[in-house]
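Asks: Sequence and predicted model, in that order:
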Amino acid sequence: MQRQLSALTDGSFDLVVIGGGVFGACAAWDAVQRGLSVALIERNDFCSATSAHSFKMIHGGIRYLQHMDLCRVRQSSSARRAMIRVAPHLARPLPIAVPTYGWGMKSKWIMRIAMGMYDATTFDRNRDITDPQRQIPGGCCLSRMDVMDRFPGLDTDGLSGAALFSDGQMYNPPRLVLAFVRSAAEAGAVVANYVEASGFIREGDRICGVTARDTLGDQTLEIRAKMVLNAAGPYADHLLARALGHGLKKPTYWSRDACFVVRRQVVGHGPALAVLTRTKDPDAMLSRGARHLFLVPWRGHTLVGVWHKVYHDDPDKITVTQEELEAYIDEINGAYVGLGLTLDEVTLWNAGLVAFGENERDVGDLRFGHRSRLVDHTTEHGLEGLFSLIGVRYTTGPCEAAAAVTRIFRRLGYKKPPPSRSHDTPIFGGDIDHFEALVQQVAAEAPGGLDDTSIRALAHNHGSAYDRVFALAREKPAWAQRIGDSAVLGAEVVHAVREEMAKTLADVVLRRTDLGTAAYPGRAAIESCARIMSGELRWSDAQTQQQIDRVIDSYPQAFRREPVVTG
């Protein structure tokens, strides 16, 4: 996967996709699979904004039962199945326990009915998933004693047990998006990060491509195409306003969805825990009284979230303040009385903008956005050749992208567009029958001294393409060593530069590897990574130091805790 900007400007494409998050990446992959010539551009790095900062959940739609939206349940379940089928190394089932209380809407018998409805509605949730460990089990109930043993300190007043259902979880959201991008590139798409769309090429009432700027080299580009798909997420409306002089007729409302990472394994390796919050869902037809917060095991840490806040400001200025974190910790400690979580245990916060329902700025009980928007600007603005896709959930990226590409085919004159194959075709690294068999295979071929943590991380991050990393490790023995106390090999850094279009140190630390995605990895690890990249990209000493400073500065000061060296 090489960044060749001349390939963007030589000739013309059937489709240019703006935005390298999950929706844009899936659209590029789906379109090129179905025979279109495709270009994909992203203003920063692939999956560097909302898609990177998700809660790592692959939602199967159980919450839509509260709205009696069975169509949405079916779509979400289908999307979750697709994610697990095409990327079994990066997606897996996630069991979740929902404590039950009393005899009303919070009771075990109500939850048992809900799980029965959900299981029946998603009867085909495991179709063609051959690995038993990747199949989504049906729901069941836990006894009161079982819940007390698993979650000591939980409020036991009226506790009757818990409902246990399974959703899905991503191991590493940026690598999942990158796998879609690389799959598109392997199939013939021209892809480039750090290329920002600045406007549209317009001929009369037709959009004929995109004007763009190479943000690394400050080069101006013209990318011609028959169709343009604006999948820039929270930046989509800004691009339209800047390029056309007006945005969408119906504005998109945004929520800053925030979560944080905790060093402690609060729920161990067992199921995630759902607890009731202080806010309600005003659109729910069947409500348990309040929304849920989740404590979720993830890569040896715990994810806690999600909190929603109406957001009207610059997408580039998203932040979570210490005061907000303290309020969130108070809320989760109030919901799980024995948790005793402190601010010192938080290692990172994640936040991104998600399309939401229409809400007042300071309202407490927020209305969610339930459906993505696909806008055909032929009818919206009388401009042919332009679509805008505003996605809601990471999970439905493949489904929504495929639907958008089908509409694009019709605008290109196809009465019967070729069928989408993105639900069935493994993406790069996803050619796996059984994940544990892959782990054993990686272990058998690993360089000497590599521990189980690194072996599993390699299997997760690279899937069936792990041998490309090992080839680099054999090329230079020093690259077979881990970086600091992390599970990341030096060879993965080289691989990110040579094969995965990593252009900055942040690309590697925050997206291509596990080095800094759960906690600040420490200055020594960042500097080790920078030295390897410097050798590959021929950075000067000043450039290398600048890259190091930028990565360190990307972590809030409170989270820059240097790892304790032991032994």
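Replies: Thanks, I have it.

Asks: Who are the contact partners of Gly21?
Replies: Contacts for Gly21 were tallied using CB atoms under 8 Å, 6 or more residues apart in numbering; they are Glu42, Phe46, Cys47, Ala49, Thr50, Ser51, Val177, Ala231, Gly233, Gly391. (C-beta placed from N, C-alpha, C; glycine too.)

Asks: Name every strand pairing with the helix or strand of the chain with the lowest mean pLDDT and say which way it goes.
Replies: Between all helices and strands in the chain, the lowest mean by mean pLDDT, DSSP states H and E belongs to strand 310-311, at a mean of 88. Using DSSP bridges, the strands paired with strand 310-311 are strand 253-262 (antiparallel).

Asks: Now do the next helix-or-strand element following the partner strand, average pLDDT.
Replies: Using DSSP states H and E, the helix or strand that follows strand 253-262 in sequence is strand 272-276. Throughout strand 272-276, pLDDT has a mean value of 94.

Asks: Tell me the one of the contacts of Gly21 nearest Gly385?
Replies: Distances from Gly385 to these, taken as CB to CB, are shortest for Ala231 (15.1 Å).

Asks: List the contacts of the top helix by length along the chain.
Replies: Using DSSP state H to define each element, the chain has its longest helix at helix 70-86. Contact with helix 70-86 is made by 58-62, 64-65, 91-93, 118, 121-122, 124-129, 134, 136, 167-168, 170, 176, 370-371, 393, 395-399, 422-427, 430, as judged by CB under 8 Å, 6+ apart.

Asks: Just after it, pick out the following helix or strand.
Replies: Following the chain from helix 70-86 toward its C-terminal end, the next helix or strand by DSSP H and E is strand 91-101.

Asks: so what does that following strand touch, helix or strand wise?
Replies: Using 3 or more CB pairs under 8 Å, 6 or more residues apart in numbering; DSSP states H and E as the contact criterion, the secondary-structure elements in contact with strand 91-101 are strand 57-58, helix 70-86, helix 108-121, helix 144-150, strand 159-170, strand 272-276, strand 292-298.

Asks: Please state the backbone phi and psi of the residue sitting furthest away from the middle of the chain?
Replies: The outermost residue of the chain relative to its centre, with distances by CA atoms, centre = their mean, is Gly204 at 37.9 Å. Dihedral pair for Gly204: phi 70, psi -120, per degrees, to the nearest 10.

Asks: how much space between it and Glu380?
Replies: 17 Å (CB to CB, to the nearest Å).

Asks: How about His59?
Replies: Spatial separation of His59 from Glu380 under the definition CB to CB is 29 Å.

Asks: Comparing those two, which shows the higher neighbour count?
Replies: When neighbours are counted by other CB atoms under 10 Å, His59 and Glu380 differ, and His59 comes out ahead with 19 against 16.

Asks: Any figure for the gap between the nearest residue to that one once chain neighbours are set aside and Gly168?
Replies: Counting by CB to CB, 6 or more residues apart in numbering, Thr395 is the residue found nearest to His59 once chain neighbours are left out, at 4.8 Å. In this structure, Thr395 lies at 8 Å from Gly168, with CB to CB as the measure.

Asks: Need the residues touching each of the two.
Replies: Here Thr395 and Gly168 share the contacting residues Met57, Ile58, His59, Gly60, Arg80, Met83, scored by CB under 8 Å, 6+ apart.

Asks: among those residues, who's most crowded?
Replies: Comparing those on neighbour count, Ile58 comes out first with 30 neighbours (neighbours: other CB under 10 Å).

Asks: Now that residue: closest residue in space that isn't a chain neighbour?
Replies: On the basis of CB to CB, 6+ apart, the spatially nearest residue to Ile58 that is not a chain neighbour turns out to be Gly168, at 3.0 Å.

Asks: How many residues are close by the one you found?
Replies: Neighbour tally, Gly168, other CB under 10 Å: 24.

Asks: how about it, what does it touch?
Replies: With contact taken as CB under 8 Å, 6+ apart, Gly168 is in contact with 57-60, 80, 83-84, 91-94, 136, 395.

Asks: how about a cut-off of 7 Å?
Replies: The neighbours of Gly168, taking CB atoms under 7 Å, 6 or more residues apart in numbering as the test, are Met57, Ile58, Gly60, Arg80, Met83, Ile84, Ala91, Arg92, Pro93, Leu94.

Asks: Hmm, Ala272 and the last one touching each other?
Replies: Yes: applying CB atoms under 7 Å as the test, Leu94 and Ala272 come out as touching, 6.1 Å apart.

Asks: care to break the chain down by domain?
Replies: The chain breaks down by automatic domain parsing into domains covering 6-50+174-249+381-411, 91-170+253-356, 435-559.

Asks: looking at those domains, which is buried most?
Replies: A comparison of the domains of the chain by mean neighbour count, using mean count of other CB atoms under 10 Å, puts domain 6-50+174-249+381-411 on top with a mean of 22.

Asks: Return the distance of that one from the chain's centre.
Replies: 18 Å (CA atoms, centre = their mean, to the nearest Å).

Asks: measure that domain end to end?
Replies: For domain 6-50+174-249+381-411, the first-to-last residue distance is 27 Å (CA to CA, to the nearest Å).

Asks: ditto for stretch 493-507
Replies: 10 Å.

Asks: of all the domains of the chain, which lies closest to Val375?
Replies: Relative to Val375, the nearest member of the domains of the chain by CB to CB is domain 6-50+174-249+381-411, separated by 4.3 Å.

Asks: tell me the mean pLDDT over that closest one?
Replies: Per-residue pLDDT values across domain 6-50+174-249+381-411 average out to 96.

Asks: before we move on, the earlier item: I'd like to check the angle between the longest helix of the chain and strand 159-170, please.
Replies: In this structure, helix 70-86 runs at an angle of 60 degrees to strand 159-170, with axes from the mean of the first three to the mean of the last three CA atoms, to 10 degrees as the basis.

Asks: Now do helix 70-86, average pLDDT.
Replies: In this model, helix 70-86 has a mean pLDDT of 94.

Asks: Could you give the separation of that helix from the chain centroid?
Replies: Distance, stretch centre to chain centre, for helix 70-86: 15 Å (CA atoms, centre = their mean).

Asks: thinking again about what came up before, filter the contacts of helix 70-86 down to the ones in strands?
Replies: Cross-referencing these against strands under DSSP state E gives Ile58, Ala91, Arg92, Pro93, Asp167, Gly168, Met170.

Asks: hang on, isn't the third one packed against Gln169?
Replies: Yes: with contact defined as CB under 7 Å, Arg92 and Gln169 form a contacting pair (5.8 Å).

Asks: Run through the helices of the stretch 351-500 of the chain in chain order.
Replies: 377-380, 397-411, 435-445, 452-462, 467-475, 490-499 (DSSP state H, counting those that start in this stretch).

Asks: Save these as TSV, and put in distance to Thr211 too.
Replies: Rendered in TSV, the data for these read as follows (distance: least, CB to CB, whole Å):
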stretch	distance to Thr211
helix 377-380	17
helix 397-411	20
helix 435-445	44
helix 452-462	35
helix 467-475	35
helix 490-499	29
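
Asks: Relative to Tyr101, which of those is closest?
Replies: Taking CB to CB as the criterion, helix 397-411 is the member of the helices of the stretch 351-500 of the chain that comes nearest to Tyr101, at 35.2 Å.
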